[in-house]
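# Pasting a predicted model and its sequence here:
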Amino acid sequence: MNQSRILVVDDEPQIQRFLKPSLTAAGYEVVEAATGAEALKAVATQAPDLVILDLGLPDMDGKEVIASLRGWSDVPIVILSARDRESEKIAALDLGADDYVEKPFGIGELTARIRTALRHRGRRDAIPTVMEIDGLTIDPIRRLVSRDGEIVHLTPKEYDLLLLLSRHVGRVVTHRTLLTSVWGPAHGDDLHYLRVFIGQLRQKIERDPTQPRIVRTEPGVGYRMAEHE
């Protein structure tokens, strides 16, 4: 049984009534909160391993909760919200949320996102290790990338992009985060520039660049490196 503790922050009783037994059946311990203030207190006192957070709370916007938590906690946050605008997703992810699931949702998808976020938390403080996915090997210690045993020659920016995505494997990394991290704050809006480099990177690392399996597109939001295979 998985003993991870999950804090569910949602003011809709029907969501709480659905999630608690579903997550408990999946082996998680569930703690509940209905407001932003209750959520902040619960993180401080209950030490959850992950937070499921609705953005539409009665006392504050969920993005305020994210911003507040990220000032003192690295607990994984999965947004669960009916807000489907890309701007809302991007803002939540840029503030530090780990993932975003839209309502209505399937419990299978949600638990898969939970597992990914929990795995990522376990890797945050780990010493960099070799990653393998779909025949591609990334060795951050030696700064080497190879496919099926053959060295893949990347430019410095292509390597930086790949490494940044690999450090957030399974998570969405927004356009702005990629641009500002690799090229600097002045390039935060250069989406065409990013698309060109992602295209170049896929030509070198994907078996079929037209159907990428390693670097996935999250339309309007950013990119996600697939989980290890």
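Received, thanks.

# Going by residue numbers, what spans are strands in this protein?
For the chain, the strands defined by DSSP state E cover 5-9, 29-33, 50-53, 77-81, 99-102, 131-133, 136-139, 144-147, 150-151, 172-174, 215-218, 222-225.

# which residues touch the shortest one?
Identification of contacts with strand 150-151 by CB atoms under 8 Å, 6 or more residues apart in numbering yields 144, 145. To be clear about C-beta, it is placed using only N, CA and C from the backbone, and glycine gets the same treatment.

# let's see 7 Å
residue 144 (CB atoms under 7 Å, 6 or more residues apart in numbering).

# circling back to that earlier point, for the strands of the chain, which one ends up most surrounded?
strand 50-53 (a mean of 25; mean count of other CB atoms under 10 Å).

# returning to what we had before: could you dump the strands of the chain to JSON lines with mean pLDDT?
Formatted as JSON lines, the strands of the chain follow (pLDDT from 0 to 100):
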{"stretch": "strand 5-9", "mean pLDDT": "96"}
{"stretch": "strand 29-33", "mean pLDDT": "95"}
{"stretch": "strand 50-53", "mean pLDDT": "96"}
{"stretch": "strand 77-81", "mean pLDDT": "91"}
{"stretch": "strand 99-102", "mean pLDDT": "88"}
{"stretch": "strand 131-133", "mean pLDDT": "86"}
{"stretch": "strand 136-139", "mean pLDDT": "91"}
{"stretch": "strand 144-147", "mean pLDDT": "93"}
{"stretch": "strand 150-151", "mean pLDDT": "94"}
{"stretch": "strand 172-174", "mean pLDDT": "88"}
{"stretch": "strand 215-218", "mean pLDDT": "93"}
{"stretch": "strand 222-225", "mean pLDDT": "92"}
